[in-house]
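> A predicted structure for the sequence below; I have some questions about it.
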Amino acid sequence: QAQLVESGGGWVQAGGSLRLSCAASGSIVNVNAWAWYRQGLGKQREWVATITSGGSTDYADSVKGRWSISRDNAANTVYLQMNSLKPEDTAAYHCNAQGRTGWFRTASGSWGQGTQVTVSS
C-alpha cells in the first residue's frame, strides 16, 4: 500500500528548531520532486517548500532563510529543517511526492493528519 508518513513534529518555543521527516513506502518509488505543505487551524493549506530530483529547492517567502528542505533518495525520504520557529508557523505539516503519474496526495485527495508543529511565544 502506498503511503507517505510524516513525523518529527512537536511543541517548541519561539526561536527553536524542529526537523520533520516524510517517508514514502509501498508503490511510491523513484520520487521526482517532494513538497511540504502546512495547514493552520481554520486556514487553507499552503505550500512551504519543494525540492526537485536535481536538488533544486524553492521556499515560500514566509520561511525563506529560516528553513531547509533536503532529501535522501536511498531512503525515499524528505526532510524539513525548521529553524527560528515563530508562533505563526504553528500548523499541521504534510508532505507530497511527485512520481511518474503526478503528485501522490493530490491524486488521492487524502492528506492525512500530517505532523503537528506548535510554536509557543
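Structure's in. What do you need? If you're wondering where the values come from, they're calculated on a predicted model, not measured in any experiment.
> Outside of the lowest-mean-pLDDT helix or strand in the chain itself, which residues are in contact with it?
The helix or strand of the chain with the poorest confidence is helix 104-108; it has a mean of 88 (mean pLDDT, DSSP states H and E). With contact meaning C-beta atoms under 8 Å, 6 or more residues apart in numbering, helix 104-108 is reached by 2, 4, 24, 28, 94, 95, 96, 97, 98, 101, 111, 112. No exception for glycine: its C-beta is placed from N, CA and C like everyone else's.
> from the residues you listed, which is closest to residue 72?
residue 24 (10.8 Å; C-beta to C-beta).
> right, and that closest one touches residue 3 too?
Yes. Using C-beta atoms under 8 Å, residue 24 is in contact with residue 3, at 7.2 Å.
> So which of those two has more stuff around it?
residue 24 (22 against 12; other C-beta atoms under 10 Å).
> my read is the more buried one is in a strand, agree?
Yes. The assignment for residue 24 by DSSP: H, G, I helix; E, B strand; the rest coil puts it in a strand.
> If I look at it, what pLDDT would I see?
Predicted confidence (pLDDT) for residue 24: 92.
> Ok, residue 44 next?
So, for residue 44, pLDDT stands at 96.
> Show me where the protein has its strands.
3-7, 10-13, 18-25, 33-39, 46-51, 57-59, 67-72, 77-82, 91-99, 102-103, 115-120 (DSSP state E).
> Kindly report which one of those strands carries the lowest mean pLDDT.
strand 102-103 (a mean of 92).
> partners of that one, with directions?
strand 91-99 (antiparallel) (DSSP bridges).
> any idea how far the strand it pairs with is from the chain center?
In terms of C-alpha atoms, centre = their mean, to the nearest Å, the centre of strand 91-99 is found 5 Å from the chain centre.
> Same check on stretch 61-77?
So, by C-alpha atoms, centre = their mean, the centroid of stretch 61-77 is 8 Å from its chain's centroid.
> Give me the buried subset of the contacts of helix 104-108.
4, 24, 28, 94, 95, 96, 97, 98, 111 (16 or more other C-beta atoms under 10 Å).
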